[in-house]
Every structure is written in structure tokens, then in C-alpha cells.
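**Q** Predicted model follows, preceded by the sequence.
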Amino acid sequence: MSEPVTGDAAGTLLLRGGTVVDESGERRGDVLVADGRVTAVGPTLEAPAGARILDAGGCIVSPGLVDLHTHLRQPGAEEAETVESGSRAAAIGGYTAVVAMPNTDPPIDDAAVVREVLDLGEKALCRVAVAGAITVGRAGERLAPMAEMAALGVHLFTDDGAGVQDAAVMRRALEYSRALGVTLAQHCEVASLSAGGCMHEGAWSSRLGLPGIPAEAEELMVARDIALCRMTGGRVHFLHLSTAGSVALVAAAKAEGLAVTAEVTPHHLALTDAELAGYDPVGKVNPPLRSVADVAALRAACAAGVIDAVATDHAPHPPESKDTTMDVAAPGMLGLETALAVTLGALGPGVAESAGGAETGAEGEPGGSAGMAVRDVLGLLSWQAARVARLAVDQGGDQGATVQPGAPANLCVFDPTERWEVDPLRLASRSRNTPWAGQTLTGRVRHTVRRGEAVVVDGEAQR
Amino acid sequence: MSDAPTDRGRHLLSVTDLGADGIAEVLAVSDAFAEVGRRAIPKVPALRGRTVVTLFAEESTRTRLSFETAARRLSADVLSFPTATSSVKKGESLRDTVETVAAMGVDAFVVRHPCAGAPAQVARWVDAAVVNAGDGWHEHPTQALLDCYTIRQVLAERSGRSLGDTGTECFSGLRVGIVGDIRHSRVARSLVGALAPLGAVVTLIAPGSLLPTSLEGWPVEAVTHDLDDVLGSLDVCYLLRLQLERGSGAFLPSVREYSAGYGLTARRAARLGDGALVMHPGPMNRGVEIADEVADLPGSVVLRQVANGVAVRMAVLFLLLGSGPGADPASLVSGAAGE
């Protein structure tokens, strides 16, 4: 997985006037980048001759964001997204690496498809890592050739879109994974309890007359896989946890010392099932948006360190898949370009003006943010996520936890106070299914630097 | 009971869009149109030149005919679009279908769809008025309105007062039990949403597997699994139709077991209070939720419900497409439909 840090055609960059926030702390500092690496950090750096100067005034300069959960839709659904368009959306959102989910058509369940997506990712605006399927065709029956995919650098394996329903299959997969040192990422959903459901089962689904997906559909599989993790010694990453019960189970498993990690999505941190009150299928997502109490529990779990990463579950769909009735609408929403603002709103230090859908005080809405330090929120979005995906510097990858001389120049530069309106027509994604359309978010990426190249400048992708 | 975008007054998506005053207005206007229905030529020119489309993605001949009759008696042009058997089956999306029909110049869509919220979606796609004729498990507003109309009609007759004088006070304190598959019933959701604001006291009676997961926010007095316990206290016993496939083991052990616990048998009917009404939205499963002989008792007003459907649907269409809420239908009703 070791990856040479190349300078591409980047030359020398000076990010001037920002505040560096990374795992080691926070300090005022200009950042000098050359040959794909950070070469100097200091309060006021002189620009070397020929250096390109980017204004970072009022901005936070952090390690680039890492998304553990991106649906790039290629191969098979290029009308919704491609590796190219999705990676551009990622870069605009401050991401320097994403993990492409394998529920493509054909699915990423053997070396050939892994190679195809990795090749497409070579020209992308961010690192495109690939997750492989656990079972052939994501059908939940026969194990996919995990070793041949692992040999190409695949670390996360998942049948995402569905959970591995058969406990025996999951047991064998976990046992087999141990020799490879890889992690099985589970989409926890007991299909017999969720069948036909199109939203969280609770007060809103009962009123709206929509078939529900109970919290227990997720929690039963979380509990099962914790038991299988204990039994096999394999490593499990829980994708997009959405319920209070799930995070309580993970907290207990971690306290026990089991090898489990977990992610939550920005939308599950910010929105509730009340989003479906108008029957707009843009709010249909799997797992579904949950109750106010669940949102509060997810935020608390992030603040308590139970959750390792915030991952977008960026799920592009063409308009015709969403502009229909709730029963047949495709589940999923965009995330890459709004994740930083939404997550800062839900978890960050500000409480007065939280991110979309999370205004303080309104009845039935999640209250103020979790009040976490910006550094801790960035850990969830960047270096902690990188470790789950084995993309961190000390794991042979190029995602640093600190911005210091010698670190790979994968950087996110964002203004935490800039307010901007989400215009679906101006998103880099090929799709438009964002629940924040027309809303004003706070916090916007100004520049993204990938291997020393300024791939996003002043919010605009450079290629 | 939903917060769907409604453009209150422009569409009828949920009975809660109306509120107590809106329901009272529909009932009052229905009185005038019921009179029309008794004429030799039961037709008025109220909606002449207007076009009403019935868009039924789920077959319901009774409801469709009731709406189409109502529209015709108002002199509207009526188009029938059974999507269950036409373009949607050929792969056309609901949105394309709706927009295509709307392009022909349509003033109202009457929508029946197996998915909750479909009429709300249609309302976002077109400028025309949208009437929910039953969407999934969500609502069936005109059914609840015609049920309210029927209750009021019977109670007015008994008290010897005219319908006009009756208003909606007759609902105050009225004890209504709704029996059966509440979970999957659009009729139940609309009935609760109509009866509660009028002051009725609603009790839900069902086995646990046929109750909604949550009743948070439902304006009901009580929920019970024991029909026999509450039977004697009811002024109205409203029986929901049991979808017989629910008896296949998924929700109920058997239809027989349901019938034993929740069917209105002759023995149970005898324990109803004097004058209690027995209601059913139809079509009835005789011998399942209602015994054959009970369906034909004097207290059973099932046929009246059907008869009143046309007048109530005329009122709904008139209020949405006529001169709007607050308009007096009397002047239109007094005119003849002659060309």
C-alpha cells in the first residue's frame, strides 16, 4: 500500500495567513509546500521565488479529509456519478482521499474490477481507494476472493447496500480476514425486519403511513457482529451507525477491548425522520434518518470518542430515481460537498447557528451542536478515518495527522465562518439529491491541496 | 395527521388540512349537493368547463365511480386514467404520466396510489388541484368526510332537527370505536384526523400486530385489545376491512382467530348500546369483520355511507375548483344544468 509522494507538476505553494489545526493542536501559521510535501510551517513565512501564494486568511489549514464511504457509481451507473465527477466533488469538499464502495455494476468483487476503479482513480482529483465486496456479487453466499483484492491494496471489505445476512457466512469471512489483516465493514441491517421500509419506524412513519425500518434491524446485526468479532478475532468496522442502541453496543464492545471501529454520517448527525414529513424522497436514505433521541446519542458518541470517523455515504442518484413515490425512490443522498459544514454544525463548538436542519430550539429538532473542539471534529473527518482505511502515514499511506515539515502535502483549507447557500445545480457531483438544497451552511472549503497540487482554489476545482 | 406540503385550500391531501371549520364547511356544502342528488336530473353547472382526472394507480372501482359521478353531476369533464393498467406499466414514470395528462389542461387530479405520499408528490409536479383518493396506509380524506356526513345525517334525523341546524355539535363527546387493521389503514388515519377536531372521543381496538408502532401524537382517547370490554360504551362501532392476506401468518394466525376476537358477530352486536351505529368503509368481508346478519341490522348504515359519498365528493371538488372556500353553492345548486 506504500505510495510514493510525487510532486506532480505542483511546484511550490505558500498557504498564507491561516491557522493550522491538526492532531497535535492549533497554531497560527503559514504553510509552505514543495515537491508534494510540507516543507515549512511558521507564523510568517517568506514566499520563495516563483511560489504560488494562496490566501488562507481566516482559514483553518488541516490535513486533508478522508471519506471512508463514497459511492462513485462507476462502473455501471455513470449517469449518477463517475470516479472523475465524484473525486472532483470530494476535492471541493476538502477531501484528499475517498474509499469507493463496491456496490457497482459489476460489483467490485474481484481483482479485475478493483484494478479498473484504481486505474480510473489515477487521474482523479483525490486518492481513490477501493473497498471490495465480502461475498461474490454481494449476494451474501460465497466469499469473494479477498486475498487477490487485498494484494492490490484493498483494506476494507463490505457488501454495503446490504448487510451479510447469514451469520455463518459472516463468521467465515471474519475468520478468513485475519490472515489478510483486513477489516470487514458491515452495513448492519437485518433484511427481514427492514423489508419494504422506506423510513425510520416510529412516530413519524406511523403518522405518515409509510412502512418503517425499526432501529432493531440495525442493532441486531451490530450485536451479532460484535459477538462474531469476539468469537473470531477478526476486525469489524461498522458503517453508518444510526441509532442510540447501536452506539451503546459499540461503546461496550470497545470497553471490552474488541477490534471494532465505527462511523456515522453527517446526515444522521444533523437530520431526523421529521425530514420525511412532506414525502420528499430526497430524505429517503438507508439507514433511515432516525429520531431526535438517536441524533442526540450519535452526537454524544462522537464527543465521547466512541465513533472513529464521520463518513459521508455520498450516494448520488439521477433525478428520475428520486422524483417518484417514496416506495420506489432510491435510498441515499449526496454528502461530499456539504459534509464539513454539516459536521461542524452538528458537532463543532458553535451552537447558535448549527448546520442545516439542526437549528437550535425548534420542537422536534436536534438541539445545539455537541460542542466539540474543531480539532476533534477534524479528527473524525480526517486522520482517524485515514487510520480505519489504512491510509495513514504510519500505515504506509500518505494521509498525515499533522501539518509539519516532511508531512505529505494533502491539505484542506477552509473558512469555518463562511456562510454559503447550497445550490444543487452548482455541485460538482453529477447528481442533485442533496437534502440541503437552498439552505445556508456555515463553513466552506477554500483550497484543497493533493500531493502538493492545488486541486481546488477559492472553491473552484482546477481541473 | 401529516405535515405534508398542502397549500391549504388548494389541495385535499390530508383531512387535517381542513380542521374543524373546514370539515364543517364540507358537510354543509354536502347538504346542498345531497339535495341535487334527489332531483330528477341530478346535475348542476357548477364546474362546467372544468376537467377532472381520476388517476388510479391501484384499482378501486367504487371510489373511482363515486368521484366520477360527483364530477359529472357538477358538469365537469371527466377523464379516467387507470395507471395500474396503462402507461405506468409500460415503464413511464408517474411524473411523466402526470405531466402528460396535465398538459392536456386539467383542473383537478383525483389520485389513488398504493404508496403513501404519492398525492403530495403529484401536487408538487402540477398546478392543478389534487384530491387524495387514498394513498397507501396514509389517508383517505373523502372516506372520513362521508363517514362524518353519515353520522351527522343519522343523528340529525333522530333528533328531528334539520341538517342545517345540526352543525357539528353532534360529534361532541360522541364515542367512536375503530376496530381492526389500524396499522395499514388509510381510513383509520383520516377518521381519527377528522373526528378528533370535531370533538369525538376515539378508541382504537386491534390486536398488537395491527396497531401502528407508535401512536405518539394521535388524538385518541384509548387503545385496547379487547373489543368486548368497550363494546357497550360505543355510539359508533366502525369496522375496518381486513385485507384477507393479513391472515396468512404474517400479522395474524388466521382469519378465523381474528374474527373470533375482533369480528362484530351477532352476539357482540346485541351488546351494542341502543342506537349505536355500525359502519364499514366497504367492501365488507361478511363473516370476517362483520357477521352477515349484523351488516343488515337497522343500526348498520353501510349503504348510506356509499350513497353519501357522491354528495361529499361533489362538495370537495366544488370547494377546490368552484369559487373557492366560503362560496355559497346555493346559487349554483338552484340553477339547472341545461345547455
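**A** Perfect, I can see it now.
**Q** ok so B:Leu303 is a helix residue?
**A** Yes - membership of B:Leu303 in a helix is supported by DSSP: H, G, I helix; E, B strand; the rest coil.
**Q** what separates it from chain A, distance-wise?
**A** From B:Leu303 across to chain A, the span is 28 Å (Cβ to the nearest Cβ, to the nearest Å). (C-beta placed from N, C-alpha, C; glycine too.)
**Q** neighbours around that residue, how many?
**A** Neighbours of B:Leu303 under the rule other Cβ atoms under 10 Å in any protein chain shown: 12.
**Q** With the one 4 residues further on instead?
**A** Counted by other Cβ under 10 Å, the residues lying close to B:Ala307 total 16.
**Q** give me phi/psi at it?
**A** Main-chain torsions, B:Ala307, degrees, to the nearest 10: phi -60, psi -40.
**Q** now swap in A:Ile213 and tell me
**A** phi -120, psi 110.
**Q** Spatially nearest residue to B:Phe318 (excluding sequence neighbours)?
**A** In space, and not counting its chain neighbours, B:Phe318 is closest to B:Ala46: 5.5 Å by Cβ to Cβ, 6 or more residues apart in numbering or on different chains.
**Q** Hmm, that neighbour is touching B:Ser75, no?
**A** Yes - B:Ala46 is within contact range of B:Ser75, at 6.6 Å (criterion: Cβ atoms under 8 Å).
**Q** what about those two, which has more around it?
**A** B:Ala46 (25 against 17).
**Q** Quick check: phi and psi on that one?
**A** Torsion angles, degrees, to the nearest 10, at B:Ala46: phi -50, psi -40.
**Q** Could you tell me which residues of chain A lie near chain B?
**A** A:201-203, A:205-212, A:214, A:274, A:277-279, A:320, A:323-328 (Cβ under 8 Å from any Cβ of the partner chain).
**Q** Out of these, which end up buried?
**A** Using 16 or more other Cβ atoms under 10 Å in any protein chain shown as the burial test, the residues of chain A next to chain B include A:201-203, A:205-212, A:214, A:274, A:277-279, A:323-327 as buried.
**Q** Neighbours of A:Val169, how many?
**A** By the criterion of other Cβ under 10 Å, A:Val169 has 18 neighbours.
**Q** separation between it and chain B?
**A** For A:Val169, the distance to chain B equals 26 Å [Cβ to the nearest Cβ].
**Q** so how far is the first residue of stretch A:264-281 from its last?
**A** 21 Å (Cα to Cα, to the nearest Å).
**Q** likewise stretch A:33-40?
**A** Distance across stretch A:33-40, first residue to last, is 7 Å (Cα to Cα).
**Q** give me phi/psi at A:Leu13?
**A** The phi/psi pair for A:Leu13 (degrees, to the nearest 10) reads phi -120, psi 140.
**Q** actually B:Val131, sorry about that
**A** Residue torsions, per degrees, to the nearest 10, at B:Val131 are phi -110, psi 120.
**Q** residues near it, how many?
**A** By other Cβ under 10 Å, neighbour count at B:Val131 equals 26.
**Q** Sketch out the low-pLDDT regions of the stretch 351-463 of chain A for me.
**A** Where the stretch 351-463 of chain A drops to pLDDT under 70, the residues are A:351-365.
**Q** if we go to 80?
**A** Within the stretch 351-463 of chain A, the stretches with pLDDT under 80 are A:351-368.
**Q** Surely A:Tyr95 touches A:Gly64?
**A** Yes - using Cβ under 8 Å, A:Tyr95 is in contact with A:Gly64, at 6.5 Å.
**Q** tell me which element the spatially most central residue of chain B falls in.
**A** For chain B, B:Gln143 is the residue whose C-alpha lies nearest the centre (Cα atoms, centre = their mean; 0.6 Å). For B:Gln143, the host element (DSSP states H and E) is helix B:141-159.
**Q** which residues sit against the next helix or strand after that helix?
**A** Where DSSP H and E defines the elements, the next helix or strand beyond helix B:141-159 is helix B:163-166. Helix B:163-166 has contacts (Cβ atoms under 8 Å, 6 or more residues apart in numbering or on different chains) with B:28, B:31, B:152-153, B:155-156, B:159.
**Q** measure the closest residue to chain B within the stretch 1-150 of chain A to A:Glu275 for me?
**A** With Cβ to the nearest Cβ, the shortest gap between the stretch 1-150 of chain A and chain B falls at A:Glu79, namely 14.8 Å. Using Cβ to Cβ, to the nearest Å, we find A:Glu79 at a distance of 25 Å from A:Glu275.
**Q** and if you look at B:Glu139?
**A** 20 Å.
**Q** From the neighbour counts alone, determine which of these two ranks first.
**A** Neighbour comparison, B:Glu139 and A:Glu275: the larger count goes to B:Glu139, with 35 against 22 (by other Cβ under 10 Å).
**Q** Settle this for me: the more buried one is touching B:Asp17, isn't it.
**A** No - assessed by Cβ under 8 Å, B:Glu139 is found out of contact with B:Asp17, at 9.7 Å.
**Q** So B:Glu35: helix, strand or coil?
**A** Taking three-state DSSP, the label given to B:Glu35 is helix.
**Q** how about the helices in chain B?
**A** For chain B, helices defined by DSSP state H occupy the ranges B:19-37, B:61-73, B:94-103, B:118-125, B:141-159, B:163-166, B:186-198, B:227-231, B:255-262, B:266-269, B:292-295, B:302-321, B:329-334.
**Q** Dig out what the residue lying closest to B:Leu277 once chain neighbours are set aside forms beta bridges with.
**A** Leaving aside its sequence neighbours, B:Leu277 sits nearest to B:Val236 (Cβ to Cβ, 6+ apart; 4.7 Å). Assessed by DSSP bridges, B:Val236 has beta-bridge partners B:Val176, B:Leu277.
**Q** Distance check, B:Val236 against B:Ala307.
**A** 18 Å.
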